[in-house]
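J.: The sequence isn't on hand, but the structure is:
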């Protein structure tokens, strides 16, 4: 499938005098933007009192944008219920894990399990859909599900819905007791109505209890979203999207994605570096103005996979691209000159259809007054203006064909929750997490110059790929096991993969013929005979298969069952590089030894290099400056097909 | 204005047998003390049951002190409401930011917004005033407003009072919505009754919401205090004071001070070093027995300014001076021998009328049993006795004239709240704060040997000064802008000064002709062309004025508009020293390069040096030992007027 | 008294199919185990609905174990009240210090002060006792009192019980006010019903208030336990035990122990190292697979003392011995090969009658699924199997005589609470604690090769010992003072000993003739004239006695009153070694300079050395490997009496 990448912006006409709207639209078009998102926080502006609608201004705003040839994404406003609505449903607000209410006064102040609020959301969505169904070019549901830790709520409505969810899942309380193992510590229930939320137990609750609560909370987001999708579909043929966040792991994005044509996400490289990436202070300072070299890339690949769940192609956007300093991280530096362009190119290189900047104009008041935009508060172009104009020119007339990568990584939300429920160890001082293990594999492979796909655990066919990495999978599913069995390439199983059953019990074996005698986690390391070491985690296994490598103590470290490779611990950086190089060689995947700060992404015959470092380095005999993007054609391509030089 | 500094002590006759009182009073007089504070925690002792008063013992205690020629400060007992009173008004207790009650069992267990408790306070104050109005030489209202984080309470009475306060400030809800910018995130209110306290929102509340809550909470302290003042004035001509604390920033001391003749504060240099000063562990260990060299001095200057707000001269005291180890810091060392005397001299050098030690005798029971006094629990003199006797002799017959300093620093409580509501960056790992920026300027200038005044933001005339520093002012007021415009000297504007409007929106410019393109905060630095660097903060500005210095990247770092200097970032220590030396030279303020551990303060022709280090160093060719005080006459003074050598 | 040490295991037949029970019992016997604990978490299995009992399966399980010659410990199931019971008494759940409920879903979800729950516990205990009184060989009450911070609860039932407890202790409210010193801060109460729990005061509550609350909470555990003991005694002559935890200090184990024939504890050396021992990261990594060399030993000695409180000999066991990686620490390494055997020997060397492993078979579900057992989840022997078999062989036919050690250390739970209520300083960044000071003395003396007894503060006679250490005693009791006065050996008083009265007021003197002028705590040190230094703490004293050593500043550091030595500060490691060597010499206690990683314990003519290091070191000219145990006869013994070589 081929697409032509374009640029967009998020715009809030309701914040500015109507007199300015036409000029805004004109400037957007002039800058080379193609898409504009509007409406997602405007509930009180379109319905200032219950049932008292005012859509006229929004029609005018959209018409003005359309008049400049701009395409419009309209967001449903359900992330910001107005105050009068909270007065009507005072118990719709979420409750924190600490049992305290989370009140009106910012945004996302709702529980997904409140039936009354859900009805209000259906009502306003239908209003939006019926008003604008024929007018807009795309939709967005709500805004950033899960942002501000809002997937999980611990109030009475959540509890009621959780019990219902459990009764549907298990049918009988005996089944639940049995599958949770409630015989332990006399935790047996007599009725579903006895089950509480797991957040205030004396010591840790049953991990099976947590895992089901996490599944439930995720499902509530999925069904909340689906209600809006179903309504919009009745009125509009335009594709529907949602804008996900970085490292929000509390709901299954693949499930939400199955209901949407387009996955989008909000990419704030500098804010994320400060706020969401476990990294040394040195790493943070070294990348303070560039962002982490791999975090965004991983999300690009992840959400490309999410965007393909509806089965209509791998459609994904960056809906909000950081354009300058933000307001919400502990410290908020400015991107290096050129970096916003580089981020844009990185997204395009991963197959983004649209990169849309947040926001059009910096707002001088309220919570985000320190958040940069393409325009400054005074309406003048901000520092990033020329970079955006440059990218717009560079992307003009460029068609991109997405293709399947040779290497894929399986990302699994249930595994995120499982290891959260039972970390058992620490990675660099933080609780063991699925995301961190995935990130380690991703980073190591990307430093070898590779491009990947990310795959959901529901994958049944790995296709013509050469190597699939399953970094830290909670429990095998029948489908995924089938995909492994049918696969012609190599499969690499990271630590803990296959450790549990679906019911959060220990599995009999990690892989047929690979049984664990015990697991250990540690602050030091377990060195390998041939160099490198495991850190954090080691599965001590007994196996009937070949052992490719041993620890110095003689324990199996890498077990090989044909083309399936079982890795018995978490490799440190040296071992990760050595092993990933080795497995790529076995799988006949070509690698490139890149300078430390350089990353590469191949797409449709193009090869994009970006320097994420603060220093100019040498790449293929030529200097590449910080934030510089270098676009070359892939070696195997003929010259006719080569992409333009930037 | 001239005064003769004297010494005092805090005394609790109710803790000791009456047989001992006369001996206590005799010893106080013998030691050379002049003032004794009594009564401020004795509510239950004077009113053990509602309406059942017993003032006889207090009359006898005061009479006994008076008989020895001692002057008496009487405190109203409203910081320690008795248990029976809390039974009568159970909802008078404060509520924490976490929504939890803060119960009876220590002190300050009241909300300033509880009308019932206010009535009780007026009643007991009137009782005190009418009983002792003709007998005592000074008054103290309550005790340490804001100590233990008690300015801000989040209970139902606070909410009701906040809504009332808002309705008085804004008159219409439309005005509030407009000035807060509630169009953002659909936060618009229909009625004042919909507004909640900002402490439990899902993500950050509107900073304008916080700022108004902070203002409200401060105003409640002001009006609470004023009620007592009005009552006392009806019965007594004696001056009224309140004892403020170190680094309590949650209420506007200038506003409270406007109602009081005397500002006093409670100076615990070693406790504060442990508990309230962001400093490296090395700094803490190096000053563990001397205290920070600048923290007390800053507060002396600050409260001298607060003490001048009533317009009757700059009257201020140290009401509680640490006399030995305290009980309340994480670790509690003993002051170096001589240090209590040095602290006393530092206070006198800043113009203190009285330095009063806390407390007379160490109490062997309850919360403060590990807090030293002038007497030990067994009634023998504690280690500090001879030092106090020495200071008493040194101060005898010494008259001090306070004078206006050449240099002034503007301190603004609203700015403390504003940057708390929206820190946007970190200074050495702590959230950006107004106090820390002020402290940096204060320390740098004091290391250059300077003496200062601190000025409130309500200042309309800087007088004959040469240099005024405005370190991190939230919003310009008309009065302060007028003062700058009319000023003949130099004005230095620190980072963030003028960044906001009164309504917590971004201002159009930091200063006429100095517009911000963007702001960034960072963990590394932004080096300057001529040496030194900005840390933490940088305003990127466009300007029509002269640029005195640039960053290495070519951005304006120091903009000069005539005698107004706009500093575009937070200077690191090297840059701060370089720039403060430079601006002093421009302003023709003489500086002295002091050894690192030495501080100096000039007052009325005297020049007082103190060594805050742990080593003897050379000062002007002579060794000065740790804790040593050296008193010389100012060079320009003639010998006749020289102060005595110590 | 002589005993023959044996091994045991904790077993949960209810978790496994009945078909497997016979095989389990057979394997246990074959492995050389003698004791099996059952039943303590099985409440819902024996009473699935109120009053609907099913003991048949438990009879069969016990019968099966007995048939293999195994002795049975039966635990009362009161640590895991079933869900239906919590439905019946919803307010039985504990409330945290933060005021939040601690709900059903794990274990220990009860307040000791809930009368209704107490009645349920008496009922089920009577059922157990009457069913199994004639059948089992020992009893255990409840499980791990205090685990998960469950001694102290802050709910309404706790409050009511606390008021009652206070009224019984003080009889009149005047007496309470007087002894607490409530005149301070007007904290006087009129009635016991006005007193609240001390957990939510605005600032610190009166330490006397805390201390009484802590005493109360401890007493509730004692009386809770005693109710079960009284019932069991009516039906059974078998000895009764409780399994204590490591470093649970919130209740007085000596008082609980006085009601029980046997003290047992649950020893998890690797979990404790991670979770309960303040230590440097280096220390933790260096001992990650061995555990702290002294922490378990200290508890062995402590619980031997607890086990002797009933006056029927010093009977103690390890009820739960870690057999492999656990699940509950932040990281969970595997013990070094041989280490489980070494731990077992260390316990035996301290006089343990039984060392019982937890658990028989790793359970593949619920909270502890990652906790190793003697069997793996698949029923195969785990890594530790052969070690246990080896110890079983080694211990066979070995009789051990416990004897009185030359050196004793006084351990006092009230002092733990007192210094928790008022730490006043920090030891290596943690609040000053009684336990940490005891640990420092214990470690220093143990590194000198000594074996000790631990003594309760109720001791009235130190016997024929040579040296008694009282590390940090809160308040002298008449009995302990009598013991010191009557003692022929040396007594060493650590810092803070004797600092308070029973009522939490300052005492007049630390020791007759040793008066404190003041106390200081610090982050640096106070060096001594002859080397070494005090860290953290120093009592500045005036004394009429000989001063053995001074600080460099000339303050008394070691005061000697005949054979009583008053130590005026907390010695750092160098000083501790120097002084403990010196006092041992004075007391004619022989010491041995051990290699750093080696520890020694003497018992009944045997001398057991264990290497806790990760390296092989030289001991008496022979290498001793990590985890190696070396058993030799004590030098003074004749060869006939020598123990066997391992």
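T.: Arrived safely. No experiment lies behind these values; they were computed from the predicted model shown. Numbering: from 1, shown residues only, chains lettered A, B, ... in the order given.

J.: C-alpha from now on. contacts and neighbour counts both.
T.: Fine.

J.: For the stretch 201-350 of chain A, which residue gets nearest to chain C?
T.: Nearest to chain C in the stretch 201-350 of chain A, going by C-alpha to the nearest C-alpha, is residue A:201, at a distance of 4.5 Å.

J.: wait, doesn't that residue sit right on residue C:104?
T.: Yes. Under the criterion of C-alpha atoms under 8 Å, residue A:201 makes contact with residue C:104 at 5.7 Å.

J.: If you count surrounding residues, which of those two has more?
T.: Neighbour count, other C-alpha atoms under 10 Å in any protein chain shown: between residue A:201 and residue C:104, residue C:104 has more, with 29 against 20.

J.: Would you list the phi and psi of that one?
T.: Here is the backbone geometry of residue C:104 (degrees, to the nearest 10): phi -60, psi 150.

J.: Check what pLDDT residue A:401 gets.
T.: Per-residue confidence at residue A:401 stands at 84 (pLDDT).

J.: Now for it: which residues touch it?
T.: A:1, A:2, A:3, A:351, A:603, A:604 (C-alpha atoms under 8 Å, 6 or more residues apart in numbering or on different chains).

J.: Most neighbours among those, which one?
T.: Busiest of the contacts of residue A:401 [other C-alpha under 10 Å] is residue A:351, holding 27 neighbours.

J.: Can you tell me the closest non-neighbouring residue to that residue?
T.: Once flanking residues are discounted, residue A:351 sits nearest to residue A:402: 6.1 Å by C-alpha to C-alpha, 6 or more residues apart in numbering or on different chains.

J.: and if you look at residue A:53?
T.: residue A:47 (4.4 Å).

J.: circling back to that earlier point, count of neighbours near the residue nearest to residue A:351?
T.: 20.

J.: Tell me the secondary structure at residue A:408.
T.: strand (DSSP: H, G, I helix; E, B strand; the rest coil).

J.: host element of residue A:259?
T.: When elements are assigned from DSSP states H and E, residue A:259 belongs to no helix and no strand.

J.: Can you give me the distance of the residue nearest to residue A:351 to residue C:371?
T.: In this view, residue A:402 and residue C:371 are 47 Å apart by C-alpha to C-alpha, to the nearest Å.

J.: what does residue A:460 give?
T.: 34 Å.

J.: Counting neighbours, go ahead and name the busier of these two.
T.: Shown here are residue A:460 and residue C:371; by other C-alpha under 10 Å, residue C:371 has more neighbours (23 against 18).

J.: what's the burial count for the residue nearest to that one when sequence neighbours are not counted?
T.: Excluding the flanking residues, the one nearest residue C:371 by C-alpha to C-alpha, 6+ apart is residue C:326, at 4.3 Å. Neighbour count for residue C:326, taken as other C-alpha under 10 Å: 25.

J.: check which helix or strand covers residue C:326.
T.: Under the criterion DSSP H and E, no helix or strand holds residue C:326.

J.: Tell me who's in contact with it.
T.: Going by C-alpha under 8 Å, 6+ apart, residue C:326 touches C:271, C:332, C:333, C:370, C:371, C:372.

J.: in chain A, which segments are predicted with low confidence?
T.: Residues of chain A meeting the criterion pLDDT under 70: A:1, A:636-646.

J.: Tell me, domain by domain, which residues of it belong where.
T.: Chain A is divided into the following domains under automatic domain parsing: A:407-586, A:599-641.
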